[in-house]
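> below are the sequence and a predicted model for it; my questions follow.
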Amino acid sequence: MADPEFPEGAETASGPAEPPSPGTAAEPAPDAGAAAPESGAGPEPDTGGEEGDDTIALRLEQLIIGSERQYTPYQAARTADVPMDLAARFWRAMGFPDVGQAKALTEADVLALRRLAGLVEAGLLSESMAVQVARSTGQTTARLADWQIDSFLEGLTEPPEPGMTRSEVAYPLVELLLPELEEFLVYVWRRQLAAATGRVLQAQDDAEMVDRRLAVAFADLVGFTRLTRRLEEEELGELVENFETTAADLVAARGGRLIKTLGDEVLYAADDPAIAADIGLELVETLAEDPKIPQIRVGIAFGTVTTRMGDVFGNTVNLASRLTSIAPKDAVLVDEAMREELTAVGAAPHSEKEADERAAGVAPYRFGLRPLYRRPVRGLGVIEPWILSRRS
């Protein structure tokens, strides 16, 4: 079935041998004697003879994307020689809204469609995998763009002089920052890709690449809901930023992977359970020194985890979340599987008696474990949590 945003017949796979130029095919040709607009961005907004914010926004868009609006979605798909329904799936997967038949797409959009479709045609990606690539990239970069705007670009574009508008400041600033940020983004992406590829190559088989045994942990701010009612918006924003920044830095520095942040909660994972345990304790110890951040609690579970699009799923993740919800303030709670892993590698004793009997000259245990009473957890049965501590 054709996409409702596009004319019937637009979903045919190949189209003509030569893609039609804008203004042909599904649309009537313009009057040959009519004056062509300066750009394909549609009618210019009425600003009374002065350049308005809408016009500057279009100029900024053209500067950032590198080309001007000139295609409808139908024209872009035909020019890229991509089936209309697949082009619509790519576009939505990247997180962009339907634009009907407005001339809102650029040469860069056509190139992106052609590249994704080319990976499918070459057999390097299946169609569903190409859509996943579009979705994962779109979701990640959307958050990155929002973060950069909120964190520093908004402040940098504050008008330095009375009478100046933010729009007047934004254009030259973006012009200067854009190439530097672009190069840095590519560098970080390549670094992350290299690290992720290394983890995949270390997997024993294909199944382990998707279903892996990991230590998964949540760190949660205590009483955050009450804080949202008491703090001003700016104070709350600073609190969340401090918490997320500190957590992200500690997770990265200790060799874990930050999966995502949820305002008052962070989710991280580590292949090595001892690393996950060290991060959890370090979070409690470090954040306790900051009087502006409330107490936290951490829950860690070890087991099989399904990884998909940078996220983690499964009972192990659910268990880590439940452990966090029942953990005491400023404490780290682990499950039985996590305890077994720590004792198996000699990072923690099976009992305090074993710790006392450890031979002199042998490196001391890194962690201590104290059992709490067994309790039922909805959907997960009865669990036996353990309080994790650091041994001197």
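Sure, I can see it.

> show me what contacts the residue most central in space within the chain?
For the chain, the residue nearest the mean C-alpha position is Thr140 (3.8 Å; CA atoms, centre = their mean). Each residue near Thr140 by CB atoms under 8 Å, 6 or more residues apart in numbering is listed here: Gly310. Every residue, glycine included, has its C-beta placed from N, CA and C.

> mind checking the SS state of it?
Under DSSP: H, G, I helix; E, B strand; the rest coil, Thr140 falls in the helix class.

> pretty sure Gly368 is in a strand, no?
Yes - using three-state DSSP, the assignment for Gly368 is a strand.

> now stretch 198-210: average pLDDT?
Average pLDDT, stretch 198-210: 60.

> now stretch 285-293
Mean predicted lDDT for stretch 285-293 stands at 87.

> can you pull out the strands in this structure?
211-221, 257-261, 265-270, 296-308, 311-313, 331-334, 367-371, 375-377, 381-383, 386-390 (DSSP state E).

> export these to TSV and tack on distance to Pro83 and mean neighbour count?
Shown next, in TSV, are these (distance: least, CB to CB, whole Å; neighbours: other CB atoms under 10 Å):
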stretch	distance to Pro83	mean neighbour count
strand 211-221	33	23
strand 257-261	33	17
strand 265-270	37	24
strand 296-308	26	23
strand 311-313	29	15
strand 331-334	50	26
strand 367-371	56	17
strand 375-377	48	12
strand 381-383	48	11
strand 386-390	54	19
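
> comparing those strands, which gets the lowest mean pLDDT score?
Looking at the strands of the chain, the bottom one is strand 375-377 with a mean of 82.

> any chance of the strands of the chain in JSON lines, plus distance to Ala347?
Converted to JSON lines, those look like this (distance: least, CB to CB, whole Å):
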{"stretch": "strand 211-221", "distance to Ala347": "12"}
{"stretch": "strand 257-261", "distance to Ala347": "20"}
{"stretch": "strand 265-270", "distance to Ala347": "13"}
{"stretch": "strand 296-308", "distance to Ala347": "12"}
{"stretch": "strand 311-313", "distance to Ala347": "22"}
{"stretch": "strand 331-334", "distance to Ala347": "12"}
{"stretch": "strand 367-371", "distance to Ala347": "6"}
{"stretch": "strand 375-377", "distance to Ala347": "25"}
{"stretch": "strand 381-383", "distance to Ala347": "21"}
{"stretch": "strand 386-390", "distance to Ala347": "10"}
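
> closest one to Ala77 among those?
Taking CB to CB, strand 296-308 is the member of these nearest to Ala77, at 28.2 Å.

> then the closest one to PDB, C-alphas only?
The C-alpha trace of strand 296-308 is given here as PDB (Å, rounded to 0.1, in the frame of the first residue of the first chain):
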ATOM      1  CA  ILE A 296      21.500   7.600  46.100                       C
ATOM      2  CA  ARG A 297      20.900   3.900  46.000                       C
ATOM      3  CA  VAL A 298      22.400   1.400  43.600                       C
ATOM      4  CA  GLY A 299      21.100  -2.100  42.400                       C
ATOM      5  CA  ILE A 300      23.300  -4.500  40.500                       C
ATOM      6  CA  ALA A 301      22.300  -7.800  38.900                       C
ATOM      7  CA  PHE A 302      24.400 -10.200  36.800                       C
ATOM      8  CA  GLY A 303      23.000 -12.500  34.100                       C
ATOM      9  CA  THR A 304      22.000 -12.800  30.500                       C
ATOM     10  CA  VAL A 305      21.000  -9.600  28.800                       C
ATOM     11  CA  THR A 306      19.600  -8.900  25.400                       C
ATOM     12  CA  THR A 307      21.400  -5.900  23.800                       C
ATOM     13  CA  ARG A 308      19.700  -4.000  21.000                       C
END
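
> off-centre distance for it?
18 Å (CA atoms, centre = their mean, to the nearest Å).

> and for stretch 289-306?
Worked out by CA atoms, centre = their mean, stretch 289-306 lies 19 Å from the chain centre.

> do stretch 321-339 as well
Counting by CA atoms, centre = their mean, stretch 321-339 comes out at 25 Å from the chain centroid.

> now do that stretch: everything it contacts.
Taking CB under 8 Å, 6+ apart as the rule, stretch 321-339 contacts 215, 218-220, 222, 265, 273, 276-277, 280-281, 284, 288, 295-303, 319-320, 342, 348, 369, 372, 375, 377, 380, 383-389.

> picking up where we left off before, separation between the residue nearest to the centre of the chain and Tyr74?
28 Å (CB to CB, to the nearest Å).

> for Ser325, same thing?
50 Å.

> again with Gln139
Taking CB to CB, one finds Gln139 at 26 Å from Tyr74.

> the more surrounded of the two?
Tyr74 (23 against 15; other CB atoms under 10 Å).

> so how far is the longest helix seen in the chain from its chain's centroid?
When the chain is scanned for its longest helix (criterion: DSSP state H), the result is helix 166-202. From the chain centre to the centre of helix 166-202 is a distance of 14 Å (CA atoms, centre = their mean).

> before we move on, what about stretch 157-172?
30 Å.

> could I get the buried residue list for it?
Buried residues in stretch 157-172, counted by 16 or more other CB atoms under 10 Å: Thr157, Ser167, Val169, Ala170.

> take those residues and lay them out in a markdown table including distance to Lys260.
Listed next are the buried residues of stretch 157-172 as a markdown table, based on distance: CB to CB, whole Å:
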| residue | distance to Lys260 |
| --- | --- |
| Thr157 | 28 |
| Ser167 | 33 |
| Val169 | 33 |
| Ala170 | 30 |
